[in-house]
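Enquirer: pasting the sequence and the predicted coordinates here, then a few questions.
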Amino acid sequence: MSTTLERDLDLRRGFTTDASGLDLLPDALARPVTTAEVVDVLRAAAADRLAVTAAGGQTSTTGAGITDQGVLLSLRGCDRVLDLDPVARTMRCEAGVIVLEAKRHAAEQGLLLPLDPTSEPDATVGGAVACNASGARSLAWGVTRDWVRGIAVALASGEVLHLRRPGLEKNTVGYRPVQDLVDWFVGSEGTLGVVLEVEFTLLPLPSRVVGLAVPFDRAADALGFVVAARQSGEVSPRCLEYLDAAAVAIAREAQHDPHWADGAEGLVYLEQATAGEDPPLDAWLALAEAHAARTADIRVYESEAEQREAKRLRHHVPAKLYEFSGPLRAAGGRRISTDWAVPYPRLAEALAHSRQLCDAAGIERGVTFGHAGNGHPHQNFLGHDAAEVSRIEGVVAEQLRWVVAHGGTVAAEHGIGKLKRKFAHLQLSPTQVALMRAVKRELDPEGRLAPGNLF
């Protein structure tokens with residue numbers, strides 16, 4: 001085992017952080033470059049009874065891919081696209097392939113890999129599968145789970161399972177959760193097995209996509225516009241992204257026109273894809289006018305390069321907030337990011353409740369942005385010291401209780417990891433937790449995979 005692990009302190013320090021704000025130093029590091037080497041590491045770890053935490057691009061906001069227990073198993077070196085079948089529209093990748101590179105590989109064949117995590121330039125496909133990643137365009141495409149056709153996964157013992165979707169239209173054998181074992185591992189956050197390879201289903205690339213950035217004087221009008229767009233029969237957005245006033249101000253810093261949308265209390269960025277016909281721009285304009293948008297300030301993003309720029313501006317918001325949080329760590333402060341979601345018609349009500357909680361607790365309201373089309377915003381708070389972090393987490397806990405009581409979830413796309421496990425009980429019943437623990441015991445009886453994630 002000693003020949004496969006690296007214990008150099010400086011090397012290990014390069015794998016201690018992700019986007020969560022946690023800093024965990026592993027006891028040892030393994031960096032395999034083939035799936036056979038991954039299996040060797042797991043078998044040797046099993047013999048020595050060492051914990052193993054799998055990691056990809058380490059972009060998690062919940063600390064899922066870092067550890068201070070046992071071996072950090074980096075899969076970045078397992079980065080081959082193994083097969084792409086343009087007729088069957090499938091692609092098979094090793095776990096360490098970067099999501100954006102996989103999408104580019106598919107696009108060269110006129111195909112679309114419908115994975116859309118915000119961190120796609122850095123996230124790996126294995127990590128996307130492990131946390132069932134989603135993003136802005138999940139409004140149209142769904143989550144990672146929807147596109148996983150098959151998976152190769154290594155258990156804690158080193159045993160490798162090759163699993164595929166059953167593809168049956170009818171099946172009455174056994175309980176529903178055991179009829180498709182692929183779903184056991186998608187979203188399991190590395191606690192049940194290590195993803196080795198994934199086969200994805202692909203889609204044809206749309207022939208035309210148009211993006212629109214629509215500013216509003218009132219946040220309520222922006223959120224009403226989102227609901228109307230979801231319920232309209234005349235438009236079919238593939239994303240509906242919302243930025244509040246604070247998020248708009250941060251995004252504005254990253255562009256060349258510092259006065260555009262100045263004073264806007266809300267902004268919605270949307271994309272409309274078509275298979276060849278012209279996009280329904282007149283219908284979008286009518287919808288915007290009906291909700292008091294600043295129609296003269298609407299920006300249109302027609303080329304792929306322009307849409308990449310729009311995406312960059314939106315992603316500048318969490319990146320800047322993460323940058324702000326760095327100097328706070330010395331005093332025990334950090335960024336606290338939420339990932340809750342409610343049924344989309346209730347989003348305005350949920351955000352109003354959050355503002356009331358913040359004001360009552362005397363803390364600064366979180367910067368709010370994200371996937372309003374799915375009722376799924378991200379709220380980012382900055383705690384300047386440990387005491388303020390505690391107050392913010394108290395407010396977040398109260399908000400999550402309200403969210404769950406109104407049909408929502410405490411974690412919509414980033415998983416539970418280590419940071420949010422204290423909130424899981426707000427949503428999961430004791431019976432649900434017991435069932436999860438039973439599956440964990442069956443597949444990882446010694447509890448050595450991804451200690452601290454979920455449980």
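Expert: Right, received. Where do you want to start?

Enquirer: what about Gly21, which helix or strand?
Expert: In the assignment (DSSP states H and E), Gly21 maps to no helix and no strand.

Enquirer: if I pick it, what's in contact with it?
Expert: Applying CB atoms under 8 Å, 6 or more residues apart in numbering to Gly21 gives the contacts 325, 329, 334-335. All C-beta atoms are positioned from the backbone trio N, CA, C, and that covers glycine.

Enquirer: just give me the closest of those to Gly394.
Expert: Of all the contacts of Gly21, Gly394 sits closest to Arg334, with 15.1 Å by CB to CB.

Enquirer: now do the phi/psi pair for the closest one.
Expert: Per-residue torsions, Arg334: phi -170, psi 170 (degrees, to the nearest 10).

Enquirer: grab the nearest non-local neighbour of it.
Expert: Closest residue to Arg334 apart from its sequence neighbours, by CB to CB, 6 or more residues apart in numbering: Gly21 at 3.9 Å.

Enquirer: before we move on, what SS does Leu82 have?
Expert: Three-state call for Leu82 (DSSP: H, G, I helix; E, B strand; the rest coil): strand.

Enquirer: burial of it, as a residue count?
Expert: 13 (other CB atoms under 10 Å).

Enquirer: isn't it up against Glu94?
Expert: Yes: when contacts are counted by CB atoms under 8 Å, Leu82 is listed as touching Glu94 (6.5 Å).

Enquirer: name the helix or strand of this structure that has the lowest mean pLDDT.
Expert: Least confident helix or strand of the chain, by mean pLDDT, DSSP states H and E, is helix 304-325 with a mean of 88.

Enquirer: got the contact list for it?
Expert: Identification of contacts with helix 304-325 by CB under 8 Å, 6+ apart yields 19, 21, 118, 136, 209, 211, 213, 241, 243, 247, 250-251, 253-255, 269, 271, 301, 333-335, 337, 367, 369, 378, 380, 382.

Enquirer: can you flag the buried ones in those?
Expert: 19, 21, 118, 136, 209, 211, 213, 241, 243, 247, 250-251, 269, 271, 301, 333-335, 337, 367, 369, 378, 380, 382 (16 or more other CB atoms under 10 Å).

Enquirer: can I take it that Ala288 is in a strand?
Expert: No: if the criterion is three-state DSSP, then Ala288 is helix and not within a strand.

Enquirer: the nearest residue to it once chain neighbours are set aside and Thr295, how far apart?
Expert: In space, and not counting its chain neighbours, Ala288 is closest to Val214: 5.2 Å by CB to CB, 6+ apart. Going from Val214 to Thr295 by CB to CB, to the nearest Å gives 8 Å.

Enquirer: can you check Leu419 too?
Expert: Computed as CB to CB, the Leu419 to Thr295 distance reads 41 Å.

Enquirer: okay, the two: which has more neighbours?
Expert: More neighbours surround Leu419 than the other of Leu419 and Thr295, with 24 against 12 (other CB under 10 Å).

Enquirer: would you mind measuring from that one to Gly366?
Expert: 15 Å.
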